[in-house]
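S.K.: predicted structure and sequence below. I'll ask about it afterward.
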Amino acid sequence: MPAEDELFSAVDALLEQVVQDDLPTPAERKRLREAAGLSQGEVARALDIRREAVGNWESGKTEPRQPKRAAYARLLKGLAARFPAPAADEPGLHARAADEPGLHAPVVEAPGATAPPDATRRPATAAAPPP
């Protein structure tokens with residue numbers, strides 16, 4: 001009959017097989033790697049895997065298995081601490097640029113002017129269009 005230590009070791013081995021470290025979505029995995037300026041090859045070398053495996057994990061085609069999964073989860077957790085995701089209600093960069101004064105703002109014409117109603121004012125630094 002197996003000793004208690006042997007039983008516990010066998011149970012621990014089973015638990016290690018089924019442990020699922022929480023991983024972000026595949027798109028977030030890619031965002032984190034890119035935010036850090038890391039290539040798929042660099043991540044692959046750190047985890048001692050092929051670059052294609054990282055691409056498959058980022059596309060959702062496959063999921064990492066232990067023990068690589070735990071190491072990958074640790075990397076992603078560290079990257080997430082350094083590069084948090086933008087808040088969902090925070091406008092994107094493109095929306096902010098459109099809100100800057102002078103960019104695509106409605107034209108304010110003097111009374112009696114004949115500009116078309118859809119005309120827009122150009123930024124002060126823009127050159128006048130050719131005739």
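M.R.: It's in.
S.K.: which other helices and strands does the strand or helix carrying Tyr72 contact?
M.R.: Assigned by DSSP states H and E, Tyr72 falls within helix 68-82. Secondary-structure packing of helix 68-82 (3 or more C-beta pairs under 8 Å, 6 or more residues apart in numbering; DSSP states H and E): helix 26-35, helix 40-47. The C-beta positions use only the backbone N, C-alpha and C, and glycine is treated the same way.
S.K.: which other residues reach the longest one?
M.R.: So that's helix 26-35. 23-24, 39-40, 43, 54, 57-60, 76, 79-80, 82-83, 85 (C-beta atoms under 8 Å, 6 or more residues apart in numbering).
S.K.: go again using 6 Å as the cut-off
M.R.: With C-beta atoms under 6 Å, 6 or more residues apart in numbering as the test, helix 26-35 has contacts from Glu58, Ser59, Gly60, Leu76, Leu79, Ala80, Phe83.
S.K.: which of those residues sits closest to Asp12?
M.R.: Among the contacts of helix 26-35, Leu76 lies closest to Asp12 (C-beta to C-beta), at 24.7 Å.
S.K.: what is the burial count for the closest one?
M.R.: 20 (other C-beta atoms under 10 Å).
S.K.: of the contacts of helix 26-35, buried ones?
M.R.: Applying 16 or more other C-beta atoms under 10 Å to those, the neighbour count classes Glu58, Leu76, Leu79, Ala80 as buried.
S.K.: just send those residues back as a markdown table, with pLDDT too.
M.R.: Converted to a markdown table, those look like this (pLDDT from 0 to 100):
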| residue | pLDDT |
| --- | --- |
| Glu58 | 98 |
| Leu76 | 97 |
| Leu79 | 97 |
| Ala80 | 96 |
